[in-house]
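**Q** what's the 3D shape of this:
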Amino acid sequence: MHLDDRRLALTEAMDTQGLWPADSLWVRRAILETVPRHVFAPERLWTWDGEAYVPVDRAVDPDRWADLVYAGPYDSAITQILDGLPSSSLSCVSVVADMLDSLILEPGHRVLEVGAGAGWNAGLLATRAGGGLVTTVEVDGTLATAARERLDAAGLDAAGLDVAVHTGDGNAGWPTGAPFDRVIATYAVDEVPWAWIEQTRPAGRLVVPWGRLGHVALTVADDGKSATGWVQGLGMFMPSRGTGQGREHHAIRDADPAPVREVPVEQDLRPLADTDLLFALRVSHPDIRITTTGTEQGFTVRLHDGLSSWATAVTDSSGLTTAQEGGARHLLAEVEEGRQLWEQRGSPRLWDFGMTVTPDRQFVWSGSAEAEPYRL
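**A** Residues are numbered from 1 along each chain as shown. Modelled structure (predicted):
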């Protein structure tokens with residue numbers, strides 16, 4: 001199948017699933033007509049083979065390479081591996097479209113993007129904001145150079161839609177270009193850097209992936225001393241470079257010298273697959289990673305804290321649950337405490353949560369920005 005055919009098939013999948021933002025029609029046009037995704041994909045992509053990430057080279061297997069570039073609406077294309085883990089990607093089209101919609105970008109807005117990656121998102125931003133108005137910062141000098149080259153190859157400079165690409169620490173923003181009307185991040189942070197808000201004008205808007213589970217849209221207060229806004233949607237994001245990507249459950253379990261404990265489980269664990277509950281647990285227990293797997297044979301929950309504690313619970317097809325844990329913490333009990341808090345608060349949905357950031361602190365609330373922080 002030709003690349004243009006694959007691009008059309010992905011576009012139609014977005015149409016069928018209702019994933020194109022109705023209030024930002026420019027996003028669909030830019031992705032479909034102006035800024036082709038494959039132009040920003042490196043010649044080598046990566047895919048998981050069940051044991052490790054393996055390369056897929058365009059010159060060796062062009063069809064497989066194209067399949068990775070134009071996979072489904074919820075599939076990203078991994079463009080870089082460091083220390084055996086993904087460190088950069090072309091984000092999935094559905095999340096890119098949703099974040100651009102959340103940005104409420106208008107022509108003439110000055111935009112800062114942190115995390116240039118392959119340069120694709122910066123190109124999309126330029127088609128809306130205009131030439132010379134988009135600045136993107138990338139900590140990896142090799143990626144920054146490649147992003148510049150791909151933006152040029154896409155013909156954006158020739159069309160008067162030039163983008164300024166800089167190498168630097170994205171968490172520091174780009175103070176020489178401030179103030180910006182819009183700021184958008186392409187990697188996840190647990191704490192929103194105050195520099196991003198400080199470099200955004202009053203009433204300006206920021207869209208930031210938070211906690212690798214969703215993204216929040218913040219509006220800067222008129223006095224510039226805070227930013228507040230609502231969670232906009234789900235999406236898995238890579239963390240800021242240098243913060244690590246978390247140790248896997250099995251690695252922690254295998255490294256644990258303490259005896260494995262059998263844990264009685266009385267509650268039904270299957271609600272842990274609920275998106276709204278998972279987000280609430282991310283807020284109340286930010287260091288606990290939760291993975292669920294459901295099959296016809298049963299339901300499995302794996303927990304770890306990124307350090308030394310883990311838990312595994314398996315519910316078979318008859319409803320019987322067996323569980324084990326190791327390490328100092330009792331993660332299943334902590335997660336149950338978080339579930340009870342969620343129910344006591346009325347089982348808020350993902351979109352009921354919001355965030356407030358000031359120079360001194362950041363907190364997540366539910367229902368209203370005037371509400372108390374959501375915590376135990």
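**Q** from here on, contacts and neighbour counts on C-alpha atoms
**A** Will do.
**Q** My read is that residue 192 contacts residue 359, right?
**A** No. At 10.0 Å, residue 192 and residue 359 do not qualify as touching, with contact defined as Cα atoms under 8 Å.
**Q** Between those two, which is the more surrounded one?
**A** When neighbours are counted by other Cα atoms under 10 Å, residue 192 and residue 359 differ, and residue 192 comes out ahead with 20 against 13.
**Q** Report the separation between that one and residue 206.
**A** Here the distance between residue 192 and residue 206 works out to 10 Å (Cα to Cα, to the nearest Å).
**Q** And residue 333, by the same measure?
**A** From residue 333 over to residue 206 the distance is 36 Å, taken as Cα to Cα.
**Q** Provide a complete list of residue ranges assigned to helices in the stretch 251-376 of the chain.
**A** For the stretch 251-376 of the chain, the helices defined by DSSP state H, counting those that start in this stretch occupy 275-284, 331-344.
**Q** Correct me if wrong: residue 280 contacts residue 340.
**A** No. In terms of Cα under 8 Å, residue 280 does not count as a neighbour of residue 340; the distance is 10.7 Å.
**Q** So those two - more neighbours on which side?
**A** Regarding residue 280 and residue 340, a neighbour count based on other Cα under 10 Å identifies residue 280 as having more, with 24 against 13.
**Q** For residue 376, see how far away the more buried one is.
**A** Using Cα to Cα, one gets 11 Å for the distance from residue 280 to residue 376.
**Q** Overlap of the contact sets of those two?
**A** With contacts defined as Cα atoms under 8 Å, 6 or more residues apart in numbering, the residues adjacent to both residue 280 and residue 376 are residue 338.
**Q** what ranges do the strands span in the stretch 251-376 of the chain?
**A** Using DSSP state E, counting those that start in this stretch, the strands of the stretch 251-376 of the chain run over 261-263, 289-295, 298-304, 310-316, 321-326, 353-357, 362-366.
**Q** And those strands: which comes nearest residue 37?
**A** Comparing these by their distance to residue 37 (Cα to Cα), the top pick is strand 289-295, with 30.1 Å.
**Q** could I get that closest one in PDB with only the CA atoms?
**A** Coordinates of each C-alpha in strand 289-295 appear next as PDB, following Å, rounded to 0.1, in the frame of the first residue of the first chain:
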ATOM      1  CA  ARG A 289       2.400   2.100  38.800                       C
ATOM      2  CA  ILE A 290      -0.700   0.000  38.000                       C
ATOM      3  CA  THR A 291      -1.000  -2.400  35.100                       C
ATOM      4  CA  THR A 292      -4.000  -4.500  34.400                       C
ATOM      5  CA  THR A 293      -4.600  -7.300  31.900                       C
ATOM      6  CA  GLY A 294      -7.900  -8.900  31.200                       C
ATOM      7  CA  THR A 295      -8.500 -12.100  29.200                       C
END
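**Q** Show me the strands paired with it, marking each as parallel or antiparallel.
**A** Using DSSP bridges, strand 289-295 pairs in its sheet with strand 298-304 (antiparallel).
**Q** Domain boundaries for this protein, per the record?
**A** Under automatic domain parsing, the residue ranges defining each domain of the chain are 3-234, 249-344.
**Q** and the longest strand seen in the chain, how far out from the chain's middle?
**A** Longest among the strand segments of the chain by residue count, using DSSP state E, is strand 200-210. Distance of strand 200-210 from its chain centroid, counting by Cα atoms, centre = their mean, to the nearest Å, is 16 Å.
**Q** name the helices or strands packed onto it?
**A** helix 93-103, strand 180-185, strand 214-220 (3 or more Cα pairs under 8 Å, 6 or more residues apart in numbering; DSSP states H and E).
**Q** any idea which of the ones you listed is most buried?
**A** Mean neighbour counts were compared across the helices and strands packed on strand 200-210 using mean count of other Cα atoms under 10 Å; the top stretch is strand 180-185, at a mean of 25.
**Q** got the CA positions of the helix or strand following it in CSV?
**A** Past strand 180-185, further along toward the C-terminus, the next helix or strand under DSSP states H and E is helix 194-198. Taking Å, rounded to 0.1, in the frame of the first residue of the first chain, the C-alpha atoms of helix 194-198 are listed here in CSV:
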residue,chain,number,x,y,z
TRP,A,194,7.2,27.4,36.8
ALA,A,195,9.4,28.7,33.9
TRP,A,196,6.8,27.6,31.4
ILE,A,197,4.1,29.6,33.2
GLU,A,198,6.4,32.5,33.8
